[in-house]
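J.: Based on what follows, work out the 3D shape:
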Amino acid sequence: MALPTRVAAFIHPGTAPTNNSPGTWRRITVKSPDSDEIHVLLTNEMNLPPGLLGEIYRLRWCIEKAFNQQEQKLDERKAWAKSQTAKAIQAIAICITHNLLHLFKATLKTEEAIEDTKVIDAYHKDLDRREANAEKAGRLFPKTLYIALYRPTEMSLQFIRWILCTSQIEPATGGLSTPCAPS
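T.: As a prediction, the model looks like this:
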């Protein structure tokens, strides 16, 4: 599979990239505004400032968490088949499922005023903690920016169970640990 034109990859301190990708690469160091944590990124994007590339990588990490959610909360831990075509179809189906769940969640919010407050509250609590850490260290934390860019990729397990129960869907692997309550 070919890499996209613009790539940001996390490089652990003391290690080197494992592939010998052709072209010019730029190594940047980004310090987290809320901690002393330092991230080293390798990118072939030469024009964007390091802080913006760090934020793009952080947003990309949210996508990785979405795939993790599919594995952990929707019990999609194994490939459906062994061929590359089948694996590609499964990946597309997982993406479609993720997007449909978010579309349904957005519809519930606008039409029924129902929100997955557990995830939203956890996000805001984490932002408050990060802002306090940045303040203690004498740094600014762009909380307003994080709120403006907020697009939750995770859904609480309770929300997913509620969807399964209200839609009468049986998980393929029997992944729910508690049965739906009778109505």
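J.: wait, is I92 part of a helix?
T.: Yes. Under DSSP: H, G, I helix; E, B strand; the rest coil, I92 falls within a helix.
J.: Distance of it relative to T85?
T.: Distance of I92 to T85, given as C-beta to C-beta, to the nearest Å: 11 Å. The way it works is simple: take the backbone N, C-alpha and C, and place the C-beta from them, glycine included.
J.: And stretch 109-116, end to end?
T.: End-to-end distance for stretch 109-116: 9 Å, by C-alpha to C-alpha, to the nearest Å.
J.: Tell me the secondary structure at M46.
T.: M46 carries the three-state label coil when classified by three-state DSSP.
J.: and it, how many neighbours does it have?
T.: Number of residues near M46 (other C-beta atoms under 10 Å) recorded here: 9.
J.: Also A122?
T.: The burial count for A122: 13, using other C-beta under 10 Å.
J.: which residues does the nearest residue to N133 once chain neighbours are set aside contact?
T.: Leaving aside its chain neighbours, N133 sits nearest to D34 (4.4 Å; criterion: C-beta to C-beta, 6 or more residues apart in numbering). The contact partners of D34, by C-beta atoms under 8 Å, 6 or more residues apart in numbering, come to 129-131, 133-134, 137, 139, 141.
J.: Find the residue at the geometric middle of this protein.
T.: Nearest to the geometric centre of the chain sits C62, at 1.9 Å (C-alpha atoms, centre = their mean).
J.: Retrieve the pLDDT associated with that residue.
T.: Looking at C62, its pLDDT reads 71.
J.: cool, the one 3 residues further on as well?
T.: Note on K65: pLDDT of 74.
J.: Look up which helix or strand it falls in, please.
T.: For K65, the enclosing helix or strand under DSSP states H and E is helix 50-73.
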